[in-house]
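> Give me the fold of what follows.
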Amino acid sequence: MVEAPSNARAVVAFGDSITDGAASAPDANHRWPDILAERLAQADGAPVAVLNQGISGARVLSDRMGVNGLARFDRDVLSLPHADTVILMLGINDIGWPDSPLAPHEQAPSADDIIEGYKQLIARAHVHGMRIIGATLTPFEDAFKGMQFEGYYNADKEQKRQAVNRWIRSSGAFDGVIDFDAAARDPNRPAHILPSFDCGDHLHPQGAGYKAMADSIDLKMLTTQP
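Residues are numbered from 1 along each chain as shown. Model (predicted):
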């Protein structure tokens, strides 16, 4: 916590390892929320902080690597000083974990289950007068293939991701949309992350990927008060 002018604002990045910055260069502040903060620092208007509330392994509906997103939303978003906007990028672990070594016996949620979780978060943000922006889930074809967590991806899981992304883009439930899927995917193989953005596990971006994600955000959604 630092001293802030009375007109200061904060944007909360609420997500999982891709928000937490997995596979970005250590101590380089090169996660997508860091780069977004740099962009906002150069924008006109009131100062805007970016608060990174990404937890690796986080999910919307289930606990384990931290409590689920529904349970931690009050603590990690609604209670934060000056916060008036939240960017929600959460759900790929709800899709990927079941039927993998991470959760081999766990019942897999449907796309509709994840969307119902989103609806709860949207309603709670709006009750508190917060703007909530939905970010699409990035490509994950072949995630962890040949690695310890193989099984994280399959074709049925990809269909769930596509269904969730369609709802984020088209439902109108969010106050804005950031299309991280479009920013990160390989145009020749849309279910797969662009090779130059891939850290090697086919799920997490590396530095160039995080920069492309941050640069794809329309700052007009964030520089005005809700």
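> Roughly how far does Leu137 sit from Ile217?
16 Å (Cβ to Cβ, to the nearest Å). To be clear about C-beta, it is placed using only N, CA and C from the backbone, and glycine gets the same treatment.
> quick one: which of those two has more around it?
Leu137 (27 against 23; other Cβ atoms under 10 Å).
> Which secondary structure element is home to the more buried one?
Element membership for Leu137, per DSSP states H and E: none, as it lies in no helix or strand.
> wait, it sits on Ile92?
Yes - taking contacts as Cβ atoms under 8 Å, Leu137 lies within contact range of Ile92: 4.9 Å.
> Give the residues shared as contacts by those two.
Arg161 (Cβ atoms under 8 Å, 6 or more residues apart in numbering).
> can you pull out the strands in the chain?
Shown for the chain, the strands assigned by DSSP state E span residues 9-15, 48-54, 83-89, 131-135, 176-178, 185-186, 189-193.
> can you put these in a markdown table and add mean neighbour count?
Formatted as a markdown table, the strands of the chain follow (neighbours: other Cβ atoms under 10 Å):
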| stretch | mean neighbour count |
| --- | --- |
| strand 9-15 | 24 |
| strand 48-54 | 20 |
| strand 83-89 | 24 |
| strand 131-135 | 24 |
| strand 176-178 | 20 |
| strand 185-186 | 18 |
| strand 189-193 | 17 |
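> Just want the most central residue of this structure.
Met89 (2.1 Å; Cα atoms, centre = their mean).
> how about that one, what does it touch?
Counting by Cβ under 8 Å, 6+ apart, Met89 has contacts 13-16, 18-19, 135, 137, 178, 180.
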